[in-house]
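**Q** predicted model and sequence follow; I will ask about them next.
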Amino acid sequence: QAQALEKANVKLTCVVELVVDDVVLIERITGRLVHPGSGRVYHRLYHPPKVAGQDDLTGEALVMRADDHEETVRARLVVYHQQTAPLVNYYDLRSKTQAQPKLVKVSGKQAPDAVTQAIVAYAEQYL
């Protein structure tokens, strides 16, 4: 993947890795509920509907997407780690031996606004 970018003469100045434990990712993804008609998203823990299992506006049933079931999420994480770990290691090594691209790690455990602010700060620093 990194070599494909180089062959295409794409120059990266910064690579951002969002770091989140698998346990946290599983909790976040498997807790997600969706209202099919509108796309409104809820979460069992972080943004629950007023009435369990029902959309706040219509009262219609909320559903869990098929790809949000724990077994599916765990399988996706295995593939992610297999395919991403070598890429992260590649950019980590390059970051240590060359000025660019710089690999930066941002904790995904933070609030979404804090994650965004961290990424923007790195982008401003390395652009």
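**A** Here it is on my side, so go on.

**Q** what residue is smack in the middle of the chain?
**A** Centroid-nearest residue in the chain, with CA atoms, centre = their mean: residue 18, separated by 6.6 Å.

**Q** next, give phi and psi for it.
**A** phi -80, psi 120 (degrees, to the nearest 10).

**Q** return the residues in contact with it.
**A** By CB atoms under 8 Å, 6 or more residues apart in numbering, the contact list for residue 18 reads 106, 107, 108, 115. In this view, the C-beta of every residue, glycine as well, is placed from N, C-alpha and C.

**Q** run through the chain and note the low-pLDDT ranges.
**A** Within the chain, the stretches with pLDDT under 70 are 1-2.

**Q** one step back: as a markdown table, the contacts of residue 18 with neighbour count, secondary structure and distance to residue 121 would be great.
**A** As requested, the contacts of residue 18 are exported to a markdown table (neighbours: other CB atoms under 10 Å; DSSP: H, G, I helix; E, B strand; the rest coil; distance: CB to CB, whole Å):
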| residue | neighbour count | secondary structure | distance to residue 121 |
| --- | --- | --- | --- |
| 106 | 19 | strand | 9 |
| 107 | 12 | strand | 13 |
| 108 | 17 | coil | 15 |
| 115 | 17 | helix | 11 |
